[in-house]
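Engineer: would you be able to build a 3D model of this:
(chains A and B)
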Amino acid sequence: MNKREQRMLILTFLLPGLVLYTVFNVYPSLRGILISFYDWSGLSGNMTFVGMKNFATLWREFTDPHDFYNIRLYLAHNLFLIFFGFVTTFLGLVAAAIINEKPWGYQLFRITFFFPNVLAIPATAMLWSLVLNPAFGLVNNVLRSIGLEQFALPWLSLQYQWPLFKIGLYSVGFIVIWGGIGWFMLLFLAAIQNIPHELVEAAVLDGATKVQVFFKITIPLIWETIRTVMVYNIIGALSGFALNYVLFERISQKHADLIMNYFYWQSFKAHNWGYAAAIVVVIFVVTMIFTLVSYKALYRENLQY
Amino acid sequence: MPKRSPLYSVQKGAERLAAQMSWFAAQLMLWVFMGMVVFPMLWTIFASFKTSPEIFNDPWGIPDVFQFQNYVTAWTKMNAGTYILNSLIVSAGSLLLIMGLGSMIAYVLARYDFRGNRFFFFFFVSGMMIPGYLAFIPAWFLHRSLGLLDTYWSLIIQYTAFNLPFTVFMLQSFFKTLPKELEEAAVVDGASLFTVFWKIMLPLSKSGLLTVSVFNFLGVWNEFTWVLITISDEKLKTLPLGAVNIMQQAKYATDWGAMFAGFVIILIPTFAVYILFQSKLTEGITVGALK
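Structural biologist: Numbering: from 1, shown residues only, chains lettered A, B, ... in the order given. Below you'll find the model as predicted:
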């Protein structure tokens, strides 16, 4: 009797969620991979199996020396953002180490630093498009009023060239830092607070400075967390879409597109569904490879404490 | 004992001074970053009460006359009110479905030993490794053939499907920590297994449920890409997509005051949730970091 009631409960609790999850998440994900082997204009009859053709086209596009505005450029943009992710990691780590010393107002720092992380990306884009506006924006106003007129640049422009990329992409990198520090800081803070006090105290008694403690004790002991955060960076930078879409969609002319923006254009704008599916499969595979390689490369002997 | 040079105390003093200076520099850095978060928001709030000419000509001053008209424009003409209402409906529906289904699954997986338990756990949790973008195209066609495009349901159902893995993963570990004795005592007293779940286990894990809910709420409230591809009806757009509309309309009409006001309207709900549940967020991240 009790067994039967138990079986009924398991069934009724598991089944609805299982069906919804399978139908709307697992099945579409698998089908997404399948579609990448087809030529498909979207009308249900017109799906033709083409094997690796979509991937071959992508590869040709990637290696074409005459075509500058293509998937190669978008991937370069993504890699550029990974670099900013690493800067964010370092700054988050430094902020966590300082806040861990409980300076005056440290609770306030924690709360304000994390706030940008809970803002919707379009809201963040909206804020910075106002703050960085060349004519009335806060940044250029400040620069003009302290006499640095020549540095009051069109920060979100995609015409103005800086080394390697347009200035707009640098601004995206800055916004990535601004919006990401808080989360990393909280992760690092949790890890730092898990380090036993005796270790740090012993080092300080031996005459170590705070900077030495940071580099010689804190970083090695929380290395696992740093490694995980690096991997988050790579995953986040390779799947970035919304910030660039909101800031640049109408004016981009491909100067600021990330690989996911290209996917969006190929799928929901140009309706090359098979080709677009191949793009996301490639993003997924590249992400996996980057993740595994960096995870291996960042391996350090596990320190026991 | 190493021999001390005659300059030892001078040297020590200089070192201490350098340490104090660098500690000061370190704190200064935090204040600068805090300024970078707080100052733009304050500036935006002030500007939201100005007329467009004032925004250009007097960027620092306090507005002459507080222009509440900007808020009226953003709320009615630029539909900010509609977007907020839609976001509330979609978030409430999604949260109900995610937490309902998620807690039921997690409870069964955490508390009952049955054949396939481990398989189902990995089946659900593996969804955290699979990025949503792989599913976008087929899911969109699925929603289209079910006639769900341009309805609240397309958002609620898909957000539930996307957020179940994380929810099951978190709640399963919460339910595992609850003591077994309570459950047994209640069953001996004649309570049904459902009553045990509903009347004993759920109330006991209130704090865990709240933490997971806050994360899910923010995830759903801020979601952008799925709503971009499924909703084209202006009356059904949620806030993140609406923000893009407000930006474009304001630029087109060069009504900057309304754009500032639109941003402040978008900011308020997130800010309120953040202040109320800030400790829950920190707690969730801390638990996640140490796992």
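Engineer: what is the subsequent helix or strand relative to the lengthiest helix in chain A?
Structural biologist: In chain A, taking DSSP state H as the definition, the longest helix is helix A:71-100. Downstream of helix A:71-100, the first helix or strand assigned by DSSP states H and E is helix A:106-118.
Engineer: coming back round to it: which elements pack onto the longest helix of chain A?
Structural biologist: For helix A:71-100, the packing partners by 3 or more CB pairs under 8 Å, 6 or more residues apart in numbering or on different chains; DSSP states H and E come out as helix A:53-63, helix A:106-118, helix A:167-192, helix A:223-238, helix A:259-264, helix B:8-47. In short, each C-beta sits where N, CA and C put it, glycine included.
Engineer: so who does residue A:242 touch?
Structural biologist: A:121-122, A:125, B:224-225, B:240 (CB atoms under 8 Å, 6 or more residues apart in numbering or on different chains).
Engineer: and those, which are buried?
Structural biologist: Among the contacts of residue A:242, those classed as buried by 16 or more other CB atoms under 10 Å in any protein chain shown are A:121-122, A:125, B:224-225, B:240.
Engineer: tell me who's in contact with residue B:101.
Structural biologist: Applying CB under 8 Å, 6+ apart to residue B:101 gives the contacts A:16-17, A:20, B:160, B:164.
Engineer: phi, psi of it?
Structural biologist: Main-chain torsions, residue B:101, degrees, to the nearest 10: phi -60, psi -40.
Engineer: quick check: it vs residue B:247, distance?
Structural biologist: 35 Å (CB to CB, to the nearest Å).
Engineer: count of residues packed around residue A:159?
Structural biologist: Residues lying near residue A:159 (other CB atoms under 10 Å in any protein chain shown) number 11.
Engineer: wasn't it part of a strand?
Structural biologist: No. Assignment of residue A:159 by DSSP: H, G, I helix; E, B strand; the rest coil gives coil, placing it outside any strand.
Engineer: burial check on residue 164, number of neighbours?
Structural biologist: By default, I'm working from chain A. Using other CB under 10 Å, residue A:164 has 10 neighbouring residues.
Engineer: not quite, I wanted chain B
Structural biologist: For residue B:164, using other CB under 10 Å, the count is 27.
Engineer: distance of the residue nearest the centre of chain A from residue B:87?
Structural biologist: In chain A, the centroid-proximal residue (CA atoms, centre = their mean) is residue A:236; its distance is 2.2 Å. Residue A:236 sits 24 Å away from residue B:87, taking CB to CB as the criterion.
Engineer: what of residue A:297?
Structural biologist: 42 Å.
Engineer: so how far is stretch B:278-288 from its chain's centroid?
Structural biologist: On the basis of CA atoms, centre = their mean, to the nearest Å, stretch B:278-288 sits 12 Å off its chain's mean C-alpha point.
Engineer: now do that stretch: everything it contacts.
Structural biologist: Counting by CB under 8 Å, 6+ apart, A:110-111, A:114, A:118, A:183, A:186-187, A:190, B:170, B:210-212, B:214-215, B:274 sit against stretch B:278-288.
Engineer: tell me, how many residues neighbour the residue lying closest to residue A:214 once chain neighbours are set aside?
Structural biologist: Once flanking residues are discounted, residue A:214 sits nearest to residue A:97: 5.2 Å by CB to CB, 6 or more residues apart in numbering or on different chains. Using other CB under 10 Å, the number of residues around residue A:97 comes to 22.
Engineer: number of residues surrounding the spatially closest residue to residue A:67 that is not a sequence neighbour?
Structural biologist: Spatial nearest neighbour of residue A:67, chain neighbours left out: residue A:61 (6.7 Å); criterion: CB to CB, 6+ apart. Neighbours of residue A:61 under the rule other CB under 10 Å: 13.
Engineer: any regions of chain B where pLDDT drops low?
Structural biologist: B:1-7, B:288-291 (pLDDT under 70).
Engineer: residue contacts, the residue nearest the centre of it?
Structural biologist: Among the residues of chain B, the one closest to the centroid is residue B:218, at 2.1 Å (CA atoms, centre = their mean). Residue B:218 is in contact with A:118, B:270, B:273, counting by CB under 8 Å, 6+ apart.
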